[in-house]
Every structure is written in structure tokens, then in C-alpha cells.
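Novice: build me a structure from this.
(one chain, ligands or ions: 2)
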Amino acid sequence: MIFMEGKIRIVKTGTPGLDELFTKGGFIHNSSVLLSGEPGAGKSIIAMQYIYNGARIYGEVGVYVTSEQSIEKLRENAKELGMDFSELEEKGLVKLMKIPVTRGYEMASDELMKEIKKEGVKRVAIDSITPLENLSSDIRAFRVRILTFIETVTSQNITLLVTAEKRKTDFDNMEFSPEDFLFDGLIMMGRLRKAVSFERVLSVIKMRGTKHSEELYPVEINNSGLIIKNLEE
Ligand SMILES: Nc1ncnc2c1ncn2[C@@H]1O[C@H](COP(=O)(O)OP(=O)(O)O)[C@@H](O)[C@H]1O
Ligand SMILES: [Mg+2]
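Specialist: Ligands and ions are numbered 1, 2, ... in the order given. Predicted coordinates:
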């Protein structure tokens, strides 16, 4: 399924309520987007939905790379959120990959590039790049590696979503990490305190090539997945 906004091709995010935050109705085709935020904010779920719904709803082949958990665990977690990856994997619409981050780790590894270059792959999600940052000897080296990776992947006709862990997301007093500057788009996720509980929130900070909402939106997670609550109810 191909979505156009004027001459620009749009890639639907696969998360209910998220496309509407972008004036053009989704990510720009061939762009790179960083999803940054606190642990437990919902980053991995949005990354899974990007690949899962990308394949199931939009028929676009996707590769999901986890550096954090086993593929088995990933499939199980996804099921709890209403996503059954196995069927899409069997059909060749989704490839789940575990790429452990170790010393000498190469982001655009042969293993990954081989998958990405396969026929029809349109979406790649990397969850997350934070272990790589911890491994890099200095920030300059880390930035160069990320930029090279973004260039390598997006030059393959792919729209890239990458997650990164932030220790703290303070929406009143934003602080940015080195990786926040490297991508075409930046989405932040975190928590706001509401009396005695916390509410998960999301905000689009930047998106090259499209206007976007500047507001903070509540995020809801349940057995059917994650949604952004941006509609009047
Ligand atoms: N079925 C579910 N119902 C409600 N909340 C869930 C469900 N599954 C996961 N969650 C919540 O989602 C959070 C994990 O989201 P995740 O995307 O893994 O966060 P992260 O930003 O760290 O990647 C968990 O902290 C959990 O509270
Ligand atoms: Mg995660």
C-alpha cells in the first residue's frame, strides 16, 4: 500500500494515534526516526507495532532487531500485546533478529545488511542503540557510527526507526543526548506524575520535512497494544 502526500511518500507508523501527529500523516519515506525515552515508556512496543502493523496492515516487509532480549521472549511479549509475529515470519513479511552487542560490534553487520537488502524490505526497527553507545570509546566515534549506519540503511529505500534509552525525560526541562541530533526525526517518551500515579506521555520533538504537533499526548498500553490518545473522546 502506497501513501502519498503531494509528491512525498508517507510511511504509516502502525501505532494508533501517532500518524495524526504529523501533518503529512506519518513518517517520511526513507527517513530515520529516533524514539527516545525512559525505561518502560513504551518504546519497544511502538517499534514492534511499526514492524508488525507495517506488515499486517500495509503489506510492507520489515526487519526488527533486538539487542536486548531473545527472539523467543520477544515473540512472547508481542503476543501479550495482541501481536502474533509467527504467522508474518512464516510468510516472509517479518524478520526478527537478535544482534547481541559485544566488543567490536558492527552496526551495519553483514548479517543485518543481508536481511535489509532482501526483496521488498521497507521498514527496519533497531531496539535499541543504547548498548552501542555504552560500548563506544568516545562520543565522536559513536556519532560517526550512527550517522554511517543511518546513511547505509536509508540508502536501501528503507524507513528506519531506532530506539534509545534515556535516564530521565523531563519535558519541562529538556536535555538532549548526542544521538538525539543525528536522526531526521525525534520522538520523546516518558512519564508525568499525576497526583499519586504516573501517566505515560509522548511528544514529537522534530521531524524534518513535515510539520508536526508540538503537544504532549497520553499513551495507553493494554492487551491490544499501545495507542496515542490524541482524539477527543
Ligand atoms: N499487556 C500489557 N498491558 C498493560 N501494560 C503493558 C502490557 N504489556 C506491557 N505493558 C507495559 O509496557 C511497558 C513496557 O513497554 P516497553 O515498550 O517495553 O518499554 P521501553 O520504553 O522500555 O521499551 C511495561 O513497563 C509494562 O508496564
Ligand atoms: Mg525497550
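
Novice: after the lowest-mean-pLDDT helix or strand in the chain, next one along is what?
Specialist: Each helix and strand of the chain was given a mean pLDDT (mean pLDDT, DSSP states H and E); the minimum falls on helix 130-135 at a mean of 80. Remark: after helix 130-135, the chain's next helix or strand is helix 139-154, criterion DSSP states H and E.

Novice: and that following helix, what does it pack against?
Specialist: Packed against helix 139-154 by the contact rule (3 or more C-beta pairs under 8 Å, 6 or more residues apart in numbering; DSSP states H and E) you find strand 32-37, helix 130-135, strand 159-165. Where you see a C-beta, it was placed from the backbone N, CA and C, and this is true even at glycine.

Novice: can you do 7 Å?
Specialist: strand 159-165 (3 or more C-beta pairs under 7 Å, 6 or more residues apart in numbering; DSSP states H and E).

Novice: chain center to the strand it packs on, what's the gap?
Specialist: Counting by C-alpha atoms, centre = their mean, to the nearest Å, strand 159-165 is centred 4 Å from the centre of its parent chain.

Novice: how much does that strand deviate in direction from helix 139-154?
Specialist: Strand 159-165 runs at 150 degrees relative to helix 139-154, counting by axes from the mean of the first three to the mean of the last three C-alpha atoms, to 10 degrees.

Novice: show me what the helix or strand just after strand 159-165 is in contact with.
Specialist: With elements assigned by DSSP H and E, the helix or strand that comes after strand 159-165 is strand 185-194. Strand 185-194 has contacts (C-beta atoms under 7 Å, 6 or more residues apart in numbering) with 27, 31, 33-38, 41-43, 169, 171, 180, 198-208, 219.

Novice: who's the most centrally placed residue in the chain bridged to?
Specialist: Residue closest to the average C-alpha location in the chain (C-alpha atoms, centre = their mean): residue 161, at 3.6 Å. Using DSSP bridges, the bridge partners assigned to residue 161 are residue 33, residue 125.

Novice: residue 220 - how many residues pack around it?
Specialist: Number of residues near residue 220 (other C-beta atoms under 10 Å) recorded here: 16.

Novice: how about stretch 126-146, does it reach ligand 1?
Specialist: No. Figure legend: stretch 126-146 not in contact with ligand 1 (C-beta under 6 Å from any ligand atom); closest approach 7.0 Å.

Novice: fine by me, we can end here.
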